[in-house]
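Chemist: Below: sequence and its predicted model.
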Amino acid sequence: MKKWLKIIIVLILVSIIGVSVYKVIGINQVQTQDQFKAQQGKQTAQNSHPATGLNVNDETVKVFSKQNTVNLKEVTSKNEITVINLFASWCDPCKREMPELVKYAKNKENGVELIGLNVKDKHKPAEQLIKNSKVNYDVYVAEDDFLKKFKAYNIPTTLFVDKNGKIKKVYLGELTEKTLTNIVTQVKEEK
């Protein structure tokens, strides 16, 4: 009887360990692109990011294809919401999201503007990415000071800015058109 009890206990322990290993392996599996896209649109931007509440209107950025600079106030004051997407040519999630941003820019509603802000990048590769992605929105270049001030340590990072230049929400990571639309709606509803 004791022998059978030991065998049953060992079988139960082996089963528990087997199920645990299976769960851990399942957790560590990489999402497929379809799973990623299905999850998009359900996600929200962060209200707790350190940049939330800061103002971008005093920031000067360089026009990507020219030598002149622009104060972001010139951009934000014209729109109900300005979406500022920070990207770099060496960033794979940035490359994947760019076609989604192009679709969004084509279909965006009135009062919303999308701009790209190239960071920590070399001009030639960034120019090639912009050309290959057929970017249909304005692109600027920001210096490292911008990243430090707005705590943008990971890219892509997207800032959702109101008409007064105040950052209302921050989204970290790769965006889809659906998620972008969802967050813009959230920002509008919170006014």
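Modeler: Thanks, I have the structure now.
Chemist: ok, and the closest non-adjacent residue to Val141?
Modeler: Lys62 (4.4 Å; C-beta to C-beta, 6 or more residues apart in numbering). Just so you know, the C-beta spots here come from the backbone N, C-alpha and C atoms, and that holds for glycine as well.
Chemist: phi, psi of the one you found?
Modeler: Dihedral pair for Lys62: phi -90, psi 140, per degrees, to the nearest 10.
Chemist: average pLDDT across the host helix or strand of Lys148?
Modeler: Using DSSP states H and E, Lys148 maps to helix 144-149. The pLDDT scores in helix 144-149 average 92.
Chemist: and the residue nearest to Val141, how many neighbours?
Modeler: Neighbour count of Lys62, defined by other C-beta atoms under 10 Å: 15.
Chemist: still on that earlier bit, which elements pack onto the helix or strand just after the helix holding Lys148?
Modeler: Moving toward the C-terminus from helix 144-149, the next helix or strand (DSSP H and E) is strand 157-162. With contacts taken as 3 or more C-beta pairs under 8 Å, 6 or more residues apart in numbering; DSSP states H and E, strand 157-162 sits against strand 81-87, strand 167-172, helix 177-189.
Chemist: Residues touching stretch 91-105, excluding its own?
Modeler: 85, 87-89, 114, 116, 129, 133-137, 155-156, 173-177, 180-181 (C-beta atoms under 8 Å, 6 or more residues apart in numbering).
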